[in-house]
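**Q** everything below, folded, please.
(2 chains)
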Amino acid sequence: MLDIRYIRENPDEVKTRLETKNSVIDIDKLLQLDIDKRKLLGETEELKAERNKATQMIAQLKREKQDATESITKTREIGDKIAVLDGRIRELDVDIREIMMSMPNLPHKSVPVGKSEKDNVTVKEVGEKRDFNFKVLDHIELTEKHGIMDFKRASRMSGAGFPLYLGKGAQLERALINFMLEFHIKNGYTEVIPPIVALPIAMEGTSQLPKLKDDMYHATRDDLYLVPTGEVTITNIHREEMLNVADLPINYTGYTPCFRREAGSYGKETKGLLRVHQFNKVEMVKFTKPETSYAELEELLKRVEDILSELKIPYRVLELCTGDLSFGAAKCYDIETWSPAEDKYLEASSCSNFEDFQARRMNIRYRPEPKAKPEFIHTLNGSGLATSRLMVSLLEHYQNEDGSITVPEVLRKYTGFDVIK
RNA sequence: GGGGAAUUGGCUGAGAGGCUUAAAGCGGCAGUUUGCUAAACUGUUGAAGGGGCAACCCUUCCGCAGGUUCGAAUCCUGUGUUCCCCGCCA
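**A** Have a look, this model is predicted:
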């Protein structure tokens, strides 16, 4: 959520910056509602001050055992007027809130302006794409060959898009998760195992709601959503809290399954692991002071890069343009790993700074100095990383001519084997 | 699934329709005293919104949302969360 006062004071700037995010929000309407509301607020507050004085007098009359009937009748009339005004203010508030909640975050000034993913900027390409002197198998052929994944059986029990890992496939998946978790713990992150369902209010906090409602699994009977990312529950750890400045930055890492309906995306990348309804992810979440959040964003990116370097998998880093930024992000890097069989890069991580956008929705604040006013903290998160597409790149990149798959060296102490054959 | 209890500021916790403008303590801040620190003592210290050039003024907020009332932290209804008991269960 944006600061209404900032919108009031800089309406044209807000409009321009929202336009670069392909957002159609009627700022003029919002500001008019805001003006109307404040006018009524002034009127009702004046009446309330009057009523407060009047009820005090009634209290005094009663204490002195005098008749207060006349005052009560008069005060009731004031109360009736207040009820009317408050009713109208409440209606305006509903309208204002609806607009505010559906308004995306403003892009940071450093973000390249662009319309779509075509305008994203490649920051760097790292690692060497292997030169295969044999016919490369894709990840589906490889997993079938070794019986380490079974998409057919999985779809019989859960429908398409829910992977089943078997044997060394399951072990490799778990090795990746362990490797990444321990990597983050070594770098000062605190591991958490959060719930993977969340209340609507938590989903609003991290801004999956209202926009992504149709993309999430929803247990209607209990009104709980399955998390599309660990970000939701990990960031909501500190909802409605006043954080201690000495504790900042707070760094969490956690493994969670993630669930996405991917509504409307059928026909696109439906093969194997490329786009699935359930996948595993190790998430990083940060709570920082406003002045350090952009340095922390670079730190997140570095963690992802270091992991891919240790795994020795080629990747590239994209800086998302304004039009491709997610709803709540002010700035975002996507990290994509190379798939030799698909002959393209696959998105395996994205690192975002939300500035105070989520903190304002969740009411997470800190006091910069002992006596200072509370301020909203900044939140960031990055996938470090999602395993599904990383697994595609890993299997394909590490395949050998005889069809066997070498286990990356750093994973061997977690798998207990060094080749799948 | 059934029954009961709780929910108050950064934290603990009083408070049961009007002398609450939310007690008290802790913590924070400032000062006094003291070789330094600590302790003790004194003072000060909630949040959000609106108005004013300003000192300042007004309103709202006791989990959340409604309601009753001239007036609600307090009464009523719904609901979130937490805890306890019974049942079921890994």
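**Q** now do the helices in the stretch 301-421 of chain A.
**A** Per DSSP state H, counting those that start in this stretch, the stretch 301-421 of chain A carries helices over the ranges A:357-362, A:387-397, A:412-415.
**Q** tell me which of those helices lies nearest to A:Thr270.
**A** Closest to A:Thr270 of those, according to C-beta to C-beta: helix A:387-397, at 13.2 Å. From N, CA and C alone the C-beta is placed, and that goes for glycine too.
**Q** could you say what helices and strands the helix or strand where A:Ile234 lies packs with?
**A** Assessed by DSSP states H and E, A:Ile234 sits inside helix A:231-235. If contacts are counted by 3 or more C-beta pairs under 8 Å, 6 or more residues apart in numbering; DSSP states H and E, helix A:231-235 sits against helix A:200-205, strand A:250-259, strand A:278-288, strand A:378-386.
**Q** what residues does chain A put near RNA strand B?
**A** Within chain A, the positions near RNA strand B by C-beta under 7 Å from any atom of the strand are A:4-5, A:38, A:41-42, A:44-46, A:48-49, A:51-52, A:54-55, A:58-59, A:62-63, A:72, A:75-76, A:78-79, A:90, A:199, A:242, A:370-371, A:373-374.
**Q** at 6 Å instead, please
**A** A:5, A:38, A:41-42, A:45, A:48-49, A:51-52, A:55, A:58-59, A:62-63, A:72, A:75-76, A:79, A:90, A:199, A:242, A:370-371, A:373-374 (C-beta under 6 Å from any atom of the strand).
**Q** walk me through the domains of chain A.
**A** Under the assignment automatic domain parsing, the domains of chain A span A:4-101, A:117-420.
**Q** inside helices: which ones of the residues of chain A next to RNA strand B?
**A** A:5, A:38, A:41-42, A:45, A:48-49, A:51-52, A:55, A:58-59, A:62-63, A:72, A:75-76, A:79, A:90 (DSSP state H).
**Q** just the buried members of those?
**A** Among those, the ones that count as buried by 16 or more other C-beta atoms under 10 Å are A:51, A:58, A:75.
**Q** can you tell me the closest non-neighbouring residue to the last one?
**A** In space, and not counting its chain neighbours, A:Thr75 is closest to A:Ala54: 4.4 Å by C-beta to C-beta, 6 or more residues apart in numbering.
**Q** count of neighbours near the one you found?
**A** The tally of other residues near A:Ala54 (other C-beta atoms under 10 Å) stands at 18.
**Q** can you verify my assumption that it contacts A:Ala68?
**A** No. Contact criterion C-beta atoms under 8 Å: A:Ala54 and A:Ala68 do not qualify, at 10.0 Å.
**Q** from the middle of its chain, how far away would stretch A:38-47 be?
**A** 38 Å (C-alpha atoms, centre = their mean, to the nearest Å).
**Q** for whatever residue of the stretch 301-421 of chain A ends up closest to RNA strand B, give me phi and psi.
**A** Residue nearest to RNA strand B within the stretch 301-421 of chain A (C-beta to the nearest atom of the strand): A:Pro370, separated by 3.1 Å. When read as degrees, to the nearest 10, the backbone of A:Pro370 gives phi -50, psi -40.
**Q** what does A:Cys321 give?
**A** When read as degrees, to the nearest 10, the backbone of A:Cys321 gives phi -80, psi 170.
**Q** from A:Leu380, how far off is the residue nearest to it when sequence neighbours are not counted?
**A** With C-beta to C-beta, 6+ apart as the criterion, A:Cys321 has its nearest non-adjacent residue at 2.9 Å, and that residue is A:Gly114. In this view, A:Gly114 and A:Leu380 are 22 Å apart by C-beta to C-beta, to the nearest Å.
**Q** of the two, which one has the most company?
**A** Higher neighbour count among A:Gly114 and A:Leu380: A:Leu380, with 29 against 18, using other C-beta under 10 Å.
**Q** output the below-cut-off pLDDT ranges for the stretch 151-300 of chain A.
**A** Across the stretch 151-300 of chain A, the ranges flagged by pLDDT under 70 are A:264-269.
**Q** again, only this time at 80
**A** A:221, A:263-270 (pLDDT under 80).
**Q** which parts of it are helices?
**A** Secondary structure of the stretch 151-300 of chain A (DSSP H, counting those that start in this stretch): helices at A:151-158, A:168-186, A:200-205, A:231-235, A:293-311.
**Q** neighbours of the nearest residue to A:Glu319 once chain neighbours are set aside, just the number please.
**A** Here the nearest residue to A:Glu319 in space, its sequence neighbours aside, is A:Val121; by C-beta to C-beta, 6+ apart that works out to 4.6 Å. By other C-beta under 10 Å, 12 other residues sit near A:Val121.
**Q** what about A:Val121, distance to A:Leu273?
**A** According to C-beta to C-beta, A:Val121 stands 27 Å off from A:Leu273.
**Q** surely A:Met216 is in contact with A:Leu224?
**A** No. The pair A:Met216 and A:Leu224 does not pass the contact test of C-beta under 8 Å, sitting 10.3 Å apart.
**Q** tell me, what's touching these two both at once?
**A** Counting by C-beta atoms under 8 Å, 6 or more residues apart in numbering, A:Met216 and A:Leu224 have no shared contacts at all.
**Q** find the closest residue to RNA strand B in the stretch 101-250 of chain A.
**A** Taking C-beta to the nearest atom of the strand, the stretch 101-250 of chain A has A:Met242 as its residue nearest RNA strand B, at 4.0 Å.
**Q** correct me, but that residue touches A:Ala359?
**A** No. Using C-beta under 8 Å, A:Met242 makes no contact with A:Ala359, being 11.5 Å away.
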